[in-house]
Each structure stands twice: as structure tokens, then as C-alpha cells.
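Asker: next come a sequence and a model predicted from it.
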Amino acid sequence: MPQTKFDVAICGGGIGGLSLAVALSKYPDIHVDIYEAAARFSEVGAGIGVWPRVWKILESLGLSHDLAQLTALKPSYELSDAFIFRKSDQPEGLDFYKLQTQGPASFF
């Protein structure tokens, strides 16, 4: 008797849906269908920021090599400024807090 596959329907072809599809495709007994309302994929908005922790997940999915070719900022695990909080209601602004994290983020 042939082995039947487990069917998974993913609603949405954004980064979450496509990442899930790639992850599930690693299992030969799972069949994935992706349903997307848009007629075609295109750039929407300013892009996607990917921090180093997320980059590690993309590496484990086997996507890092292809994605690295799409961005000028390569992931780094050194500390860098993530956000700079600034009071700028005067002619000369004042930085009052810098949030540092592993980074910087890669943008697509």
C-alpha cells in the first residue's frame, strides 16, 4: 500500500508562509500547497530587515547563500547600534540612548 502524504495548506505567500513551506519541504511525507491572494509576487513597502538571530534560522533552512546575494549588508555578530533615541526639537539634537545588539540587520 502506497504511503500517503500529510497535506498542509499555507494561506499567505509572505516571508512567514514561504519560510514555513521551505521548512516543511524538508520532510518527504509532507505535501505543501501555498495559497496567495495576490496575482503575482512584487515588492511592497520598504523591505524586510533580518537580524542575525533570524539569519541563523534562514541558514538552517538553506536560504542564506541565495539571500546574501540580494543584500549589500551581510549579517554580523558584532555589537552595533540598533536604534538611536534622539531628542531633536532644538536646532542641535541630543542623543539620549543607544540600543546596541548583535547586528546590523540585513535589508531586502
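Answerer: Thanks, I have the structure now. This is a predicted model, so every value here is computed, not measured.
Asker: could you use CA atoms for every contact and neighbour count after this?
Answerer: OK.
Asker: who are the contact partners of residue 60?
Answerer: Contacts for residue 60 were tallied using Cα atoms under 8 Å, 6 or more residues apart in numbering; there are none.
Asker: what's the distance between the spatially closest residue to residue 24 that is not a sequence neighbour and residue 21?
Answerer: With Cα to Cα, 6 or more residues apart in numbering as the criterion, residue 24 has its nearest non-adjacent residue at 6.7 Å, and that residue is residue 30. Using Cα to Cα, to the nearest Å, one obtains 10 Å as the distance from residue 30 to residue 21.
Asker: could you list the low-pLDDT ranges of this protein?
Answerer: 1-2, 45-46, 104-105, 107-108 (pLDDT under 70).
Asker: could you redo the last one with a cut-off of 80?
Answerer: 1-4, 42-51, 71-77, 80-83, 90-91, 102-108 (pLDDT under 80).
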